[in-house]
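> Just need the structure, nothing else, for what follows:
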Amino acid sequence: MSTTNTAANKSVPNWNSSGDWFDVCKCNIPCPCIFAQTPTYGDCDGVLAYHIKKGQYGEVSLDGLNVLGLDYFKGNVWAGETKITLAFFF
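From the prediction side, this is the model:
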């Protein structure tokens with residue numbers, strides 16, 4: 001996992017992170033969503049776990065932070081058929 005923000009909106013601090021991630025969902029393996037296909041059973045319940053080895057949000061260090069993400073959606077999110085519901089816990 002590696003992400004960076006260089007927002008034109010200066011009210012959002014610059015941020016970046018790198019580390020490890022793992023995800024799992026109820027789809028068949030390999031998950032069809034990775035290949036922009038509809039979920040195996042038409043909807044998706046997923047869990048994403050991140051460990052930030054190195055990162056920052058403005059002046060705030062994110063080093064060592066763990067993040068848990070939960071997601072749910074119906075249909076193919078890549079085709080614009082639906083919205084995804086996400087919750088993140090830091």
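> need the strands for this structure, in chain order.
Remark: strands assigned in the chain by DSSP state E are 2-5, 15-25, 43-57, 60-61, 66-74, 85-89.
> ok, of those, where does mean pLDDT dip lowest?
Note on these: lowest mean pLDDT is at strand 2-5, with a mean of 56.
> Measure how buried Asn37 is and give me the count.
Residue 37: Gln, not Asn. Using other Cβ atoms under 10 Å, Gln37 is surrounded by 14 other residues. Any C-beta I mention is one placed from the backbone N, CA and C, and that applies to glycine too.
> Repeat that for Gly19.
Here the number of neighbours of Gly19 (other Cβ under 10 Å) works out to 19.
> picking that back up, determine which of the strands of the chain approaches Cys31 most closely.
Nearest to Cys31, of all the strands of the chain, is strand 15-25, at 5.8 Å by Cβ to Cβ.
> Sounds good, over and out.
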